[in-house]
Every structure is written in C-alpha cells, then in structure tokens.
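K.L.:
quick one: sequence plus predicted model below, questions after.
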Amino acid sequence: MKIGVIGAGVMGRGIAQVSAMAGHKVVLFDINHDVLESAKTAVTKNLNKAIELGKLTEDGKNATEGNLQYSNSIADVRVDLVIEAIVERLDVKAKVLADLAEINGKDTIYASNTSSIPLTQIAANFVYPKQVVGIHYFNPAHIMKLVEVISAEQTDPKVVETALEYVKSVNKTCVVAKDAPGFIVNRVARHFYVEGLKVLEENVASHETIDDLVRASGFKMGPFQLMDLIGVETNLSVTESMYQLFNNDQKFRPNRIQQKKVQAGYYGRKTGKGFYNYDK
C-alpha cells in the first residue's frame, strides 16, 4: 500500500516513519521546505536511536529511508491511503482533502488524524464521503502503540476494514471508536490536563510538583510535561474544540494559563520553552 502523509510536523513525521518501517511506500508532504528538512533529520535520529536500542538493524534503517519520499509538491501524493496530520481547522483540512481528491480520485481512502473535529463533519462536504475515515495516532507516533480508527456516519464499512488492516500492518494496537467528541482517549485524557491546570491556577501546587506527584503515581509523564511534548498550542486547540462540542460544559473549559503560554509563543519542546525550558 502506498501512503501519503500530509503535514511533516511532529505527528506527520512519526506516522510517515512507522508506515515506512512497516514496508509501505510513503510520500511525506509539506508546503514548507524547512519543515520537511527538519522531519528528515528527526526521522534519521529516531532510526539511529532504534539501532542503539537493538530494535532496528542498519538494513532496516536503509529500507525505511528507501521507502520515504519527502516532497513539497502535492502532485506527488498519488497514493492508496492519505493520512492528513495538519492544523486542527476544518476549513484547512477541507481544502487540502479537496485538492488531494482531484489528484487521486474515488478509490483512495482519505483519513484524518484529527483529535477533535467530528469525522462526519469532515466527510459532509467532501466529494467522496464514503472514503473518509479517522486514523488517530498519539504523540510520539513512532513510540505510542495505540491508534484509534473512527468511522464517520458516511464511511463505507470496507474503508474501515482497510484502515484496520493498515493499523495492524504498522504493528499498532487498534481501537475502533464512534464519531463522538474527542473519540475515546482525548475525551478521557482531557481532564488529565484541565484538572492539572486548575490545580496550578488555584495555587495549590507548582506545575513541577503536580508532575512529580503524577509520575510518582505510576504515569510516565505529568500533564505539564506531556503538554510540552505534544505542543501547548495543539493541546489548547483540542480543549477549545471539545469545549464547544460539549456546549461549553465547564469541565472542558480552556484555562487562561495555557492560553497565555500560547499567546507568548511558548509551545513546549518545539519552541524551546513551554511550562519548562529546553535547549534548542
């Protein structure tokens, strides 16, 4: 199967990497040349780390790199399966998918890695609604084992089956979810972040203390460390979307502390500063 991954940011490059490692031919597309170069560097670093850990051979690395094509021309994305991992805005996703539909036609599957936008809404104004499905990876995509597959109201059951086969082929654990706000993981996990921010806002404890406590309870990372890893702005965008989708239910209310971080451009690891400082 030939895969087209749209968006070479943190999520897109991870999805492209695991797909290429599984033997799929992959075109990783981004309009920004610098982002593509950064993605290439990051993938090479990940593959070298896998070799160090004994999880990959040199031959495996060479095969993976041979399966990956980096392109800033959308015309190169002639594939069997598209997975878009771009900004969480319906209008932007709709425009890119429409462009891809003109290139690929009715037999290609058009998957979204959206965290919170309803798949039924994405499919509603798309020329091939039966071909739309959700394939939702979690960050970092090359490490996290879980992937959600989400069926829109319009999705052909055969498309869901193909999406499941793809997820299995990249050695991930698949959970099928209905098209509900936040699906499963983001709906449950939202309060991991929101409550952590509330505790910080009320001056109950510092963000370092909250993270320490959560790690001591058995989690690998605390909420603030995880927001910095995912991207503070991405995390806020998902919270804002779910807040609206749940009719402004206060338990999903976006937090002012997080909003100020985003306004300042402190997105976490990617910018060198978020709730913590990082060496760039």
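P.N.:
Now that the structure is in, tell me what you want to look at. Numbering: from 1, shown residues only.

K.L.:
need the distance between the two termini of stretch 128-136.
P.N.:
Criterion CA to CA, to the nearest Å; first-to-last residue distance in stretch 128-136 is 20 Å.

K.L.:
buried stuff in it?
P.N.:
The neighbour-count check on stretch 128-136 (16 or more other CB atoms under 10 Å) flags 128-136 as buried. The C-beta positions use only the backbone N, C-alpha and C, and glycine is treated the same way.

K.L.:
ditto for stretch 157-176
P.N.:
Here stretch 157-176 shows 159-160, 162-164, 166-167, 170, 172, 174 as buried, counting by 16+ other CB under 10 Å.

K.L.:
show me those that map onto helices.
P.N.:
Among these, the members found in helices (DSSP state H) are 159-160, 162-164, 166-167.

K.L.:
list just the nearest of the buried residues of stretch 128-136 to Met242.
P.N.:
Distance to Met242 across the buried residues of stretch 128-136 (CB to CB) is lowest for His136, with 13.9 Å.

K.L.:
now distance to Arg190 too, for the buried residues of stretch 157-176, in TSV please.
P.N.:
Shown next, in TSV, are the buried residues of stretch 157-176 (distance: CB to CB, whole Å):
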residue	distance to Arg190
Val159	28
Val160	25
Thr162	30
Ala163	24
Leu164	26
Tyr166	27
Val167	23
Val170	26
Lys172	22
Cys174	22
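
K.L.:
of these, closest to Glu37?
P.N.:
Out of the buried residues of stretch 157-176, the member with the shortest distance to Glu37 (by CB to CB) is Val170, at 24.2 Å.

K.L.:
what sits against that closest one?
P.N.:
18-19, 21-22, 24 (CB atoms under 8 Å, 6 or more residues apart in numbering).

K.L.:
if you average the pLDDT over whichever strand or helix holds Asp34, what comes out?
P.N.:
For Asp34, the host element (DSSP states H and E) is helix 33-52. Mean pLDDT, computed over helix 33-52, is 96.

K.L.:
which helices and strands sit right next to it?
P.N.:
Here helix 33-52 touches helix 10-21, helix 58-67, strand 68-71, going by 3 or more CB pairs under 8 Å, 6 or more residues apart in numbering; DSSP states H and E.
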